[in-house]
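Engineer: Quick one: sequence plus predicted model below, questions after.
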Amino acid sequence: MKKTALYSWHEQAGAKIIDFGGYLMPVQYAGIIAEHRAVREAAGLFDVSHMGNFYIRGEKAGEFLQYLTTNNVAKVRDGQAQYTLMLYPDGGIVDDLIIYRISADTWFLIVNASNCEKDFLWIGGHLGEFEGVTLEDKTGSLSLIALQGPKSMEILDRVFPGSGLSGLGSFHFRTIPYEGSEIMVARTGYTGEEGVEVCLPNEVAESLWSALMEAGREDGIQPIGLGARDTLRLEMGYSLYGHEIERDINPLEARLNWVVKMNKGNFIGKQACQQVEIDPRRGVVGFALEGRAIPRQGFKVFNSDHQEIGQVCSGTMSPTLQEPIGTASVLADYTPTGTTLFVEIRGSLHSGVVRHLPFVHGDRP
């Protein structure tokens, strides 16, 4: 089992550790609800070093990524990042990822931990079509720390005074020196709150983590585990691979048409997306349930005639709204906001309604 460079810190802090994506990762410290509220009200620090990190280099690197991914890479400038997808030819999702343009011939990719090996093989398998483009896996040598919450940028300024990092625009990044190393600070995140994600060498990860914790102590900064990370992203309606998106889901049926640019030229999976664009069979929606029963992934969803229409992708008791919420993949006729649906929980049907996403409005990146 792999460990991040911050594992000892988590262990000493009394975190509950679980296996996630092949890594021993903290799922909670003080508790999911307390950590969730810390991020919504003050600031939280996340170790997300289990994510995969790749470099793609070469004169045709941008051209390669334009073919490999669904978003329009041509619009990305130096110092900018972009959320995008990789698709199979049949339109199924290989992974969602963020790409960072360091220069015209150097790009950095962050992919999901559980898909890291698969993604590396998938990307490498298409390099032959673009002469001179190379792929390098840096996952084992880099850490990723996310600082999120309304107080996060003030905390960042205390650690890097005069750097101007707090003025970074959404999906922009800068590379700066830190303790003899080069680190990348990006205005991205997975919570809907203000914040940054910092990619840095393992050797300086614990130093920066401790500096941020100390700088945010008076503001109530807390270390945050994977449990609260999931409830935070679900309140914002953000997709998670293996839940809202996966191998058998087309992005146009998963609310991700905004990152599929059909007019940009050819890309892997385009023809399959064109077919779904004409006749979508289903869609991913947000919903809330009456009562206190909590929906979970895989639970069946029914219409008012007790006909099965889909299944739950993700579900939780929202710490912010104090009601059961979730996402579900349902037949296209049942996607409009306000549609009544029923979720089967422990043999009983619980009434709910399709809600507009996000459930909670934050400072969305």
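Structural biologist: It's in. Residues are numbered from 1 along each chain as shown.
Engineer: got a list of what the closest residue to residue 34 other than its chain neighbours touches?
Structural biologist: Once flanking residues are discounted, residue 34 sits nearest to residue 222: 7.2 Å by CB to CB, 6 or more residues apart in numbering. C-betas here are computed from N, CA, C, even on glycine. Residues in contact with residue 222 (CB atoms under 8 Å, 6 or more residues apart in numbering) are 29, 30, 34, 35, 38, 39, 42, 43, 44, 45.
Engineer: can you check residue 330 too?
Structural biologist: 282, 283, 284, 285, 301, 309, 310, 341.
Engineer: Stretch 85-93: which residues count as buried?
Structural biologist: Residues 85, 86, 87, 91, 92, 93 are the ones in stretch 85-93 that count as buried (16 or more other CB atoms under 10 Å).
Engineer: Pretty sure the second one sits in a strand.
Structural biologist: Put plainly, it is residue 86. Yes: counting by DSSP: H, G, I helix; E, B strand; the rest coil, residue 86 is located in a strand.
Engineer: Wait, it touches residue 121, no?
Structural biologist: No: under the criterion of CB atoms under 8 Å, residue 86 makes no contact with residue 121, lying 11.7 Å away.
Engineer: Next, count neighbours for residue 217.
Structural biologist: 10 (other CB atoms under 10 Å).
Engineer: which residue ranges form the helices in this protein?
Structural biologist: With helices called from DSSP state H, the chain shows them at 7-12, 32-41, 61-68, 116-124, 152-159, 205-215, 226-235, 270-278.
Engineer: Save these as CSV, and put in mean pLDDT, mean neighbour count and distance to residue 320 too.
Structural biologist: Shown next, in CSV, are those (pLDDT from 0 to 100; neighbours: other CB atoms under 10 Å; distance: least, CB to CB, whole Å):
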stretch, mean pLDDT, mean neighbour count, distance to residue 320
helix 7-12, 98, 15, 25
helix 32-41, 98, 21, 6
helix 61-68, 98, 22, 36
helix 116-124, 97, 17, 31
helix 152-159, 98, 20, 18
helix 205-215, 98, 18, 24
helix 226-235, 98, 23, 6
helix 270-278, 96, 15, 33
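Engineer: Identify the residue nearest the geometric centre of this structure.
Structural biologist: Centroid-nearest residue in the chain, with CA atoms, centre = their mean: residue 190, separated by 5.2 Å.
Engineer: So which of the contacts of residue 330 is the closest to residue 55?
Structural biologist: Distance to residue 55, by CB to CB, is smallest for residue 284 among the contacts of residue 330, at 31.9 Å.
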